[in-house]
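[1] for reference, the sequence and a predicted model appear below.
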Amino acid sequence: MRNLINKKQFLAIIIFAIVLGVFVGGGRVHRVGADINAAYEKLRILADVLAIVERNYVEPVKITNLIHGAINGMLETLDPHSAFMTPEVFKEMQTETRGSFGGVGFEITIRDKVLTVVAPIEDTPAFRAGIQSGDQILRIDGKSTKDMNLMNAVKLMRGPQGTQVTITIMRTGFTEPRDITLTRAIIPIRSVRSRMLEEGYGYIKINQFIEKTHADVKIALEKLEAKERTLKGLILDLRNDPGGLLEQAVKVADEFLESGMIVYTEGRVEGQKMKFYAKKKEKARDYPLIVLVNAGSASASEIVAGALQDHGRAVILGTPTFGKGSVQTIIPLEDGSAVRLTTARYYTPNGRSIQAQGIVPDIIVADLPPGTRPGATQRFIREKDLEHHLRGEGEVAPAKPQETIPEKTLERPPEKKRGETGLATETPEDPPLERALELLKTWKILNKTAKGKPS
């Protein structure tokens, strides 16, 4: 039996929701009457279209699908990070933040109306297949991604472990699109990896900020510090880290700060205006710190980098970050679905807006993606290149699409002989990491030189 709903019933439901929303929002009760009248007039057209489609479309349609489609369309006019999540997608998102999901392993966005890779997740099927930042996904299992929203794209690419999905990608340097078949795996989101690079020099890589990230970082720090009475220096790698949970970013930054603000947010609603501060700790971690970032470092990773940079606690090295300086609030709905809505902006301790600007490193060193040939150009995408992105401070007009942001010629350094440095055998083609280690080794020498006085 078809699920019928007439126009008046639909309008009644919508108006009730608006009234409830105004009361819940608080501070605007005196405008309820005016808002309802205005909304009723605007919603009349929506109800008319709904009724026309439901009664006259060539095949039977589900009212739920039509309403979800209308909600999707509404949110897509706002910014790239506001979206509607069906019950299935919402449940999967909750599972992901707890540590794992079945899929191929990369972060995606919409750029110039094309589904585009932001960054692959390390040690996943996509990463091993050579998927790169900036790759355009034209088809998923033969289905065109034109006008496809992010949630639907994610749903198509995720699935049970061991199953396959074929994506068709286009990349600078390709003469035609190429099909890449990926075997889905359980993406465990191993949030934190760590090791000693050389005696006295530690390395921690954060892949994504999930519920256990801070706990894992603490464990990694304790292990590294246990091997050395005092670390001579630490490299915190946030490259290709798409972000995640705000509270985890705050806690990670707090591990390296003794006092002061870490980040604050500003929104229209009072509850979205928050400030986060570092806490006094028994053990100070005051050894030299270098943070690696690139165009794939977004959101939570930018918060950490920005806080440590503003406090002068770390040297930031790499390329400018993605520039996602907005806060998304997840609002669950009664049917198990949810709305992900941009509600505030992030600011660094010194009041710098991250949105559409990102964090500019103190030292610029370009990445060299796996398999890159000498003389090749690397394509970067950032927040400011996304259609409908939330304007950054001082941004007076929508940014024009840029093919390379910035365009850099990637030069492969000479092959190092085994044993030349303790780093050569583990990361033979990682210029930012090698540069960071070299800086840590000269840190004390440079400090002595800077502080030295003639006798």
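    Happy to help now that I have it.
[2] show me where the stretch 151-300 of the chain has strands.
    164-170, 178-183, 185-187, 192-198, 201-206, 233-237, 261-267, 274-277, 289-293 (DSSP state E, counting those that start in this stretch).
[3] mind listing the strands the second one pairs with, and their directions?
    Going back to what we said before, that points to strand 178-183. Sheet pairing of strand 178-183 (DSSP bridges) gives strand 164-170 (antiparallel).
[4] in JSON lines: the strands of the stretch 151-300 of the chain, plus mean pLDDT and mean neighbour count.
    Every residue, glycine included, has its C-beta placed from N, CA and C. Formatted as JSON lines, those follow (pLDDT from 0 to 100; neighbours: other CB atoms under 10 Å):
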{"stretch": "strand 164-170", "mean pLDDT": "96", "mean neighbour count": "18"}
{"stretch": "strand 178-183", "mean pLDDT": "95", "mean neighbour count": "14"}
{"stretch": "strand 185-187", "mean pLDDT": "85", "mean neighbour count": "19"}
{"stretch": "strand 192-198", "mean pLDDT": "93", "mean neighbour count": "17"}
{"stretch": "strand 201-206", "mean pLDDT": "96", "mean neighbour count": "23"}
{"stretch": "strand 233-237", "mean pLDDT": "97", "mean neighbour count": "24"}
{"stretch": "strand 261-267", "mean pLDDT": "96", "mean neighbour count": "19"}
{"stretch": "strand 274-277", "mean pLDDT": "96", "mean neighbour count": "14"}
{"stretch": "strand 289-293", "mean pLDDT": "98", "mean neighbour count": "27"}
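[5] among the ones you listed, which is nearest F84?
    Of all these, it is strand 261-267 that lies closest to F84, at 20.0 Å by CB to CB.
[6] what's the closest one packed up against?
    Using 3 or more CB pairs under 8 Å, 6 or more residues apart in numbering; DSSP states H and E, the elements in contact with strand 261-267 are helix 246-254, strand 274-277, helix 300-310, strand 338-347.
[7] now render the ones you listed as JSON lines, adding distance to L115.
    Output for the helices and strands packed on strand 261-267, formatted as JSON lines (distance: least, CB to CB, whole Å):
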{"stretch": "helix 246-254", "distance to L115": "26"}
{"stretch": "strand 274-277", "distance to L115": "33"}
{"stretch": "helix 300-310", "distance to L115": "22"}
{"stretch": "strand 338-347", "distance to L115": "18"}
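[8] for D216, find the nearest of those.
    With CB to CB as the yardstick, what comes closest out of the helices and strands packed on strand 261-267 is helix 246-254 (9.7 Å).
[9] now the strands of the stretch 151-300 of the chain in JSON lines, with distance to P80?
    What follows is these, written out as JSON lines (distance: least, CB to CB, whole Å):
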{"stretch": "strand 164-170", "distance to P80": "20"}
{"stretch": "strand 178-183", "distance to P80": "24"}
{"stretch": "strand 185-187", "distance to P80": "22"}
{"stretch": "strand 192-198", "distance to P80": "28"}
{"stretch": "strand 201-206", "distance to P80": "23"}
{"stretch": "strand 233-237", "distance to P80": "26"}
{"stretch": "strand 261-267", "distance to P80": "18"}
{"stretch": "strand 274-277", "distance to P80": "23"}
{"stretch": "strand 289-293", "distance to P80": "20"}
